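Visitor: Output the structure for:
(2 chains)
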Protein chains: 2
Amino acid sequence: MAVSAGYRALDEDSVLSVAAPFAGDGPLTAAEVGDGNLNLVFRVSGAASSVIVKQALPYLRVAGEAWPLTRHRADIEWAALDVHSKLAPGLLPEVLAFDESLSALVLEDLAGYSTWRDALIGGRDIPGVAAEVGAYCARVLLGTSASGLQQAERSALQARFGYSELCGLTENLVFTAPYTDSPTNRYDEQAAHLALAVRRDRSLRSAAAELRFGFKTRGEALIHGDLHSGSVMVDPGGKTKIIDLEFAFFGPAGFDIGLLLANLAFARLAHEERGNHAYCRVIDGYAESFWCTFTDESRRLWSPGERWHDQFLATVTADAARFAGLEMIRRVVGLAHVKDIDSLPPSQRLGAQERAVGGGRALLLGADCTTFGALWRRAIEEDSCS
Amino acid sequence: MAVSAGYRALDEDSVLSVAAPFAGDGPLTAAEVGDGNLNLVFRVSGAASSVIVKQALPYLRVAGEAWPLTRHRADIEWAALDVHSKLAPGLLPEVLAFDESLSALVLEDLAGYSTWRDALIGGRDIPGVAAEVGAYCARVLLGTSASGLQQAERSALQARFGYSELCGLTENLVFTAPYTDSPTNRYDEQAAHLALAVRRDRSLRSAAAELRFGFKTRGEALIHGDLHSGSVMVDPGGKTKIIDLEFAFFGPAGFDIGLLLANLAFARLAHEERGNHAYCRVIDGYAESFWCTFTDESRRLWSPGERWHDQFLATVTADAARFAGLEMIRRVVGLAHVKDIDSLPPSQRLGAQERAVGGGRALLLGADCTTFGALWRRAIEEDSCS
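Guide: Next up is the predicted model:
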């Protein structure tokens, strides 16, 4: 990958000059706070305020420099934040600046926020978040779909947000690698039988391949592309911000929905293993609130002349169920895991992993789930596999 | 629409200089031979050979200058002929030259050929054509789909063949106008009840709207986009050429299949009204041969690693059934009709129109047809409506 003349990886010193115009008066300090796989993330603090600087690295951070990636994803994130912020005002962090040559975004610091994943793992009940995420999905999916845009505008957006390098990463890690003996797969030794069963199941592999074709070809809307619970920032009062839009592209509307629900299911499986049954009910409520807000808001935004909203929802639900199935499998036997499950003690962890793969299998192979209730039951109850 | 400096509509004099380098020695003569709606078509003949010059007009010819169209479709046709000719060698006319400023293609003259539609109307049995068209579909659909191309190559093709102005024309004439009281609709007075019934049926309108969304968003392959029996040229020996690629774009794979089968159904309905039952059996054989060659060839070309060919075929069939339903309706109550039916005497014509709309309705609303046999029975038997 060619590194442009102006590009250099930032450090806690060099990031100060990037942030200075936005971080307020007085001496600045910087700390690297990223825990992601793709980027450097710095918090730069002045006397009275702070900002975040997020810089794309020219390689996949978790894999080191051996897995090069272009920095084009920073341009995608910047452009997608712009489109989504207009459709869902207040639900995304404010962009203060974008330095294209450094591939660095200067963003509002979401001080006091944590990821929704951490809140879920901690068993904290934060009302309103699930509904906000549902509203976000409805607004961006409807606002960028064929029903919400004039053709010329849609064509321009599609040209800007085509299938990207990170889509190829998703394609590999979600749709392909878990169903082969790819060297990128990673799993606990005690879960090796799950990985083997997934790899040996031709019906799973062909279902995944079919979905991969849809992922690559069905440019229905400008989707987030990586909408798990770690891409949702929440504050204790329920304020919600959606982050990490570098995977955004024109893809199937059900993909974001499916990923989000699968990640709620992980939280629930983990709490069930821990015996926190009351909090499981809370998560059930989140899933339902997410879905109901999505459906209500999408009905409200639907073009009145288009009399097929029910079919749209049924298709999105069936797609979401199958994408959720892929996510539930790959987070156990593929490269990237979830903390909800990995932080469990070994015996509970195995229980949750077995149920995640079982639920994922049921979602992926089951007859179409065209209602939310069927999807959610299948995700969280191994018994419903059939 | 801006007309470029070099553009002028050709006539039987001015076309001679365009064709001269390709039409052989000696004095040339030209005749306008087009019967299409979008273009001027000249045959330019020399002493020993002849060529075709096809020029895009800056308006929709059938509607006059009141319906402007850009000439970009000539670039699309030229580029699509190039892509499809490489995938299906011998099945498309040879391109001798393309004059971009005139939007004019100089093409191999298919002397001795007629349209398949005329052969069908004339009751001529030309073995081999149906299989050739099936092979063409398989080769271009598989060769340009996510399964047949590397991503970079596919992205480049998708950028070149996005949703075009002519796609918008199809969108309007196939998916929208017949289900409204659009002034572009055109039908026999004796068929007014059919048009009214189509317009008043909300279930038809919403099914059409759902399919329109798929037409606009499912960029599965570089499809022909207008594959009716008049886009297939045949010679008495069974040689087959696919023409008129200006509607080509990245769309759903089932669209071409559905249109072709609907147009075979028109031929069959017309012959049944005329009492030519033996020729109906011949057409049944064509439909089956088209389908079987398509499926066999697509199986042969399928990537061995992708174990979901059966699901692919089931999806293509279900999509084709519904697109065929739209075509059967719009060719009776929309702007563009088919000669198969319009050339019947009035009473037989009404019979064929009623059955076309009935079959179309059954295809559009019926439960998914996932086999060819179910699709074809529903297209040709009004009784199967349910």
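Visitor: What segments of the stretch 151-300 of chain A are helices?
Guide: A:151-160, A:165-170, A:192-200, A:202-217, A:254-274, A:277-301 (DSSP state H, counting those that start in this stretch).
Visitor: Show me which positions of the longest one end up buried.
Guide: Spelled out, that is helix A:277-301. By 16 or more other Cβ atoms under 10 Å in any protein chain shown, the buried positions in helix A:277-301 come out as A:279-280, A:282-283, A:286-287, A:289-291, A:293-295, A:297-298, A:301. In short, each C-beta sits where N, CA and C put it, glycine included.
Visitor: Is it in proximity to chain B?
Guide: No - Helix A:277-301 lies apart from chain B when judged by Cβ under 8 Å from any Cβ of the partner chain; the minimum separation is 13.5 Å.
Visitor: For chain A, which residues are neighbours of chain B?
Guide: A:145-147, A:151, A:154-155, A:158-159, A:162-163, A:168, A:202, A:205-207, A:209-210, A:212-213, A:216-220, A:306-308, A:311-312.
Visitor: Nearest the geometric middle of chain A, what residue?
Guide: Using Cα atoms, centre = their mean, the residue of chain A that lies closest to the mean C-alpha position is A:Leu227, 2.1 Å off.
Visitor: ok, A:Thr370 - contacts?
Guide: A:314, A:317-318 (Cβ atoms under 8 Å, 6 or more residues apart in numbering or on different chains).
Visitor: so what's A:Gly366 closest to, chain neighbours aside?
Guide: Excluding its sequence neighbours, the residue lying closest to A:Gly366 (Cβ to Cβ, 6 or more residues apart in numbering or on different chains) is A:Arg378, at 6.0 Å.
Visitor: distance of that neighbour from chain B?
Guide: Using Cβ to the nearest Cβ, to the nearest Å, one gets 20 Å for the distance from A:Arg378 to chain B.
Visitor: with the buried residues of helix A:277-301 in mind, which one is nearest to chain B?
Guide: Among the buried residues of helix A:277-301, A:Ser298 lies closest to chain B (Cβ to the nearest Cβ), at 13.5 Å.
Visitor: which residues does that closest one contact?
Guide: A:138, A:141-142, A:309, A:312-313.
Visitor: Can you pull the phi/psi pair for A:Thr29?
Guide: phi -130, psi 150 (degrees, to the nearest 10).
Visitor: roughly how far apart are it and chain B?
Guide: 43 Å.
Visitor: Look up the pLDDT of that residue for me, please.
Guide: pLDDT recorded at A:Thr29 is 95.
Visitor: one step back: so the residue nearest to A:Gly366 is in contact with A:Gly359, correct?
Guide: Yes - A:Arg378 is within contact range of A:Gly359, at 6.3 Å (criterion: Cβ atoms under 8 Å).
Visitor: quick check: angle from the helix or strand hosting A:Val332 to helix A:202-217?
Guide: According to DSSP states H and E, A:Val332 maps onto helix A:309-333. Angle, helix A:309-333 to helix A:202-217, by axes from the mean of the first three to the mean of the last three Cα atoms, to 10 degrees: 120 degrees.
Visitor: same for helix A:309-333, what does it pack against?
Guide: Contact partners of helix A:309-333 among helices and strands, from 3 or more Cβ pairs under 8 Å, 6 or more residues apart in numbering or on different chains; DSSP states H and E: helix A:192-200, helix A:202-217, helix A:254-274, helix A:277-301, helix A:346-365, helix A:372-380, helix B:202-217.
Visitor: so for the last one, what's the average pLDDT?
Guide: Mean pLDDT, computed over helix B:202-217, is 95.
Visitor: From the contact counts, what lies against it?
Guide: Going by 3+ Cβ pairs under 8 Å, 6+ apart, helix B:202-217 lies up against helix A:309-333, helix B:165-170, helix B:309-333, helix B:346-365.
Visitor: Just send the ones you listed back as a markdown table, with distance to A:Leu260 and mean neighbour count too.
Guide: What follows is the helices and strands packed on helix B:202-217, written out as a markdown table (distance: least, Cβ to Cβ, whole Å; neighbours: other Cβ atoms under 10 Å in any protein chain shown):
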| stretch | distance to A:Leu260 | mean neighbour count |
| --- | --- | --- |
| helix A:309-333 | 9 | 24 |
| helix B:165-170 | 32 | 19 |
| helix B:309-333 | 26 | 24 |
| helix B:346-365 | 33 | 22 |
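Visitor: who wins for proximity to A:Val51 among those?
Guide: Checking these against A:Val51 by Cβ to Cβ gives helix A:309-333 as the closest, at 31.6 Å.
Visitor: Compute the inter-axis angle for the closest one and helix A:277-301.
Guide: 140 degrees.
Visitor: for helix A:309-333, the distance to its chain's centre please.
Guide: Offset of helix A:309-333 from its chain centre (Cα atoms, centre = their mean, to the nearest Å): 13 Å.
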